[in-house]
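>>> Here's a sequence, model it:
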Amino acid sequence: MDRLELFRFPEPANIVAPTAALAVEAEAPPRSRVRDEIDTRYRWDLRPIFASWEEWEQACDELGELVDRLARLQGTLSQAPALLAVLRLQDDLGQLAHRVWYYPSLTYDQDQRDNSVNARRQRVQVLFARWEQAGAWFKPELLQLPLDTVRAWMDADAASDPNGGLALYRFKLEDLYRRQEHVLGEEGERVLSFTSRFADLPDEAYSALSTADIRYPSVRLSDGREVTVSYGQYRTLLATHRVQRDRAAVFASFYETFEKSLNTYAALYNGVCQRDWFGAMARRYKTTLEGALDGNRIPTEVVERLIETTRAGVAPLQRYHRLRRHVLGLDGGDDGGVSGYHLYDTSIPLLEGEKRYPYDEAVRWVIDSAAPLGADYQRRVRAVFDGRYVDVYENEGKRSGAYSAGVYGVHPYMLLNYNDTLDDLFTLAHETGHTLHSLLSHESQPFTYASYTIFVAEVASTLSEALLLDALLANSDDPRERALLLQHAIDSITGTFYTQVLFAEWELEAHRAAERGEPITAETLSERYFGLLQHYYGDAIELDPLYRITWARIPHFFQSPYYVYQYATSFAASAQIAQALRGAADAKQRDEVVQGYLRLLRAGGNDYPIDQLLQAGVDLARPEPVEAVVAELDRLVGQLEGELAAL
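I've put the predicted structure just below:
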């Protein structure tokens, strides 16, 4: 069973976009936080999934019956019809599970105070655990069959129907056999299955230490207010307080809290590295990186090339921060005991104030910005907003953040907490990209290949943001507006790409140290992190000693190692596609780029992601995609310099 994923965390010719959104200066309109008082146009409609809880109950019972049927099929795979029956049953289970899971999950996210709905979610999780246990026999039993035998069965079906019978499952089955050398015998797999009980302990302990047991400090600001520096407040304070010594105090107090438990954080991360080393060695991989990438057949060179090319392309990043340092007046002056430009100064906007982007205007911007991808794509974007796929505004108890959830057999649903800000506008474009990816994938692929991998998941979302930026810039002649837009786009590149590559390099080197049997301590982890900061930022930023320990605050290191690099690879892929759209010599060349991109969105999981990207014209084994990001950042920083000069 594939995991049911929730996504997010961010050539424009002939675009005739509305100008009203750019002219809006009014404050955000007051809106009720009582859900039932919000217009239904701004609330998603879950009835296409199930019309009632009674229908959902019946589907749960059906799912349980299918799980039991799967368990009873153990030992039957000696004939082709039996194998086909199991694969089709797994598909039936998966399609039903999408609806059974998302109905209570999306309902719960409307109001997370509702314990009765949460109990229904937990009931589904128990069903999923039963499903996993009921199907645990399938892979070992399948792999006992000779590959040649299974290929003969597939070939026989393909002769009568190339897209039917076992022929439909060729990629899926071939991939299982590809990884056969890393599947242990029945007893080995049984022993390894016991590790699942403690594999997440480093993450759980990290969460307890950094969230449940942490005692956030209080800081008195220059205006006399005393604030508690929680995780959420920390980010807000750095992004909104223009007095530098306030930001310095917030930064120091927050990270001194982590510093007090630094040896414990290091011990937990050592546990992560040793666990990953054990898993890789047990499954006969040469390195932890190889073990982490093999599931999607990602060559290790992709990560290594990503890091190598990004390290060589830090000049525009440093150029941007030198510009920020100058514009903020932090070239070396003193602000109440603080001098220079620091990491805690990188979140403050260069310009004060922000225009409002009401939701209905934002929707029109997103629809119009999709024009370079063709009329049919644009029509599909419009249908998303006409069909009540989106839950727009915040209400009491609603889950925070934003995501797009693809419900196979129905349609995707988008959760927002829209508040008329520029960030919200780009979040809307981002999630719309995910939604169109899911729509096209689900329409084009049978269930077994409908889910796309995380490796390509952020391509559509970040390209959607890039197209929106192009549209907004093309329709604004206000230097201040353009500067705000450019800063937002640049910060997206620095956060989604450069920062994630820095993270990826740090965790790769830490894991390699574990593979060499070297100690993983607070000192070694901190020195390695500080060295990376020095390389990426150079002399553009004053590097305080406390920066050494900031690795301890990154949950991804403890929750999902070898994950963050995928944000950067997706971003690089979308940057190269955007570059190709902008640089198309004529309509024919532009159409070739668009069709390659749409093939990627329609491909779902029917091939390895590296090969899918190749069909879209992106080769992540080469430096060009990363170089496209570097060039784009340099271009945007140059534009920002010009707009700021005009002010």
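
>>> Show me the shaky parts of this structure.
1-30, 186, 332-338 (pLDDT under 70).

>>> And the strands in it?
Using DSSP state E, the strands of the chain run over 218-220, 226-228, 334-335, 338-339, 390-391, 403-406, 412-415.

>>> which one of those has the most crowded surroundings?
strand 390-391 (a mean of 26; mean count of other Cβ atoms under 10 Å). All C-beta spots, glycine's among them, are computed from the backbone N, C-alpha and C.

>>> May I have the strands that pair with it, each with its orientation?
strand 412-415 (parallel) (DSSP bridges).

>>> Specify the stretch among the strands of the chain that is closest to Arg179.
strand 403-406 (25.5 Å; Cβ to Cβ).

>>> What lies in contact with the closest one?
4, 6-8, 102, 105-106, 412-415, 431-432, 434-435, 438-439, 441-442, 450-451 (Cβ atoms under 8 Å, 6 or more residues apart in numbering).

>>> Check which residues of stretch 515-531 are buried.
515, 520, 522, 524-526, 528-530 (16 or more other Cβ atoms under 10 Å).

>>> now do stretch 196-215
202-203, 205-206, 209-210.

>>> how about JSON lines for those, with distance to Arg121 added?
Output for the buried residues of stretch 196-215, formatted as JSON lines (distance: Cβ to Cβ, whole Å):
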{"residue": "Pro202", "distance to Arg121": "25"}
{"residue": "Asp203", "distance to Arg121": "20"}
{"residue": "Ala205", "distance to Arg121": "25"}
{"residue": "Tyr206", "distance to Arg121": "24"}
{"residue": "Leu209", "distance to Arg121": "26"}
{"residue": "Ser210", "distance to Arg121": "25"}
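
>>> of the strands of the chain, which approaches Gly291 most closely?
strand 403-406 (27.9 Å).

>>> And the closest one, how far out from the chain middle?
11 Å (Cα atoms, centre = their mean, to the nearest Å).

>>> Hmm, Trp551 and Glu259 touching each other?
No: judged on Cβ atoms under 8 Å, Glu259 makes no contact with Trp551 at a distance of 11.7 Å.

>>> Those two: which is more packed in?
Shown here are Glu259 and Trp551; by other Cβ atoms under 10 Å, Trp551 has more neighbours (24 against 17).

>>> my guess is that one contacts Glu509, does it?
No: applying Cβ under 8 Å, one finds Trp551 not in contact with Glu509, separated by 11.4 Å.

>>> Show me what counts as buried in stretch 168-179.
Result for stretch 168-179 [16+ other Cβ under 10 Å]: buried residues 168-170, 173, 175-177.

>>> neighbours around the closest residue in space to Asp423 that isn't next to it in sequence, how many?
Using Cβ to Cβ, 6 or more residues apart in numbering and skipping residues adjacent in sequence, the residue nearest Asp423 is His488, 7.4 Å away. When neighbours are counted by other Cβ under 10 Å, His488 registers 19.

>>> what about His488, distance to Val564?
21 Å (Cβ to Cβ, to the nearest Å).

>>> do the same with Glu308
On the measure of Cβ to Cβ, Glu308 and Val564 end up 17 Å apart.

>>> Comparing the two, which shows the higher neighbour count?
The residue with more neighbours, out of Glu308 and Val564, is Val564; 20 against 14, by other Cβ under 10 Å.

>>> what residues are up against Leu467?
Leu467 touches 12, 369-370, 372-373, 429, 578, counting by Cβ under 8 Å, 6+ apart.

>>> returning to what we had before: pick out whichever of the buried residues of stretch 168-179 sits closest to Arg120.
Using Cβ to Cβ, these come closest to Arg120 at Tyr169, 32.3 Å.

>>> the helices in the stretch 451-600 of the chain, which residues?
For the stretch 451-600 of the chain, helices defined by DSSP state H, counting those that start in this stretch occupy the ranges 454-474, 479-493, 499-515, 522-537, 555-559, 565-583, 587-603.

>>> number of nearby residues for Gly538?
Under the neighbour criterion other Cβ under 10 Å, Gly538 is assigned a count of 15.

>>> List the contacts of it.
Contacts of Gly538 (Cβ under 8 Å, 6+ apart): 314, 318.

>>> Which elements pack onto the lengthiest helix in the chain?
Longest helix in the chain by number of residues (criterion: DSSP state H): helix 80-110. With contacts taken as 3 or more Cβ pairs under 8 Å, 6 or more residues apart in numbering; DSSP states H and E, helix 80-110 sits against helix 53-72, helix 115-134, helix 138-143, helix 147-160, strand 403-406, strand 412-415.

>>> residues of it that come out buried?
Neighbour-count burial for helix 80-110 flags 80, 83-84, 86-87, 89-110 (criterion: 16+ other Cβ under 10 Å).

>>> Also stretch 604-619?
604-610, 612-614, 616-618.

>>> Sweet, I'm off.
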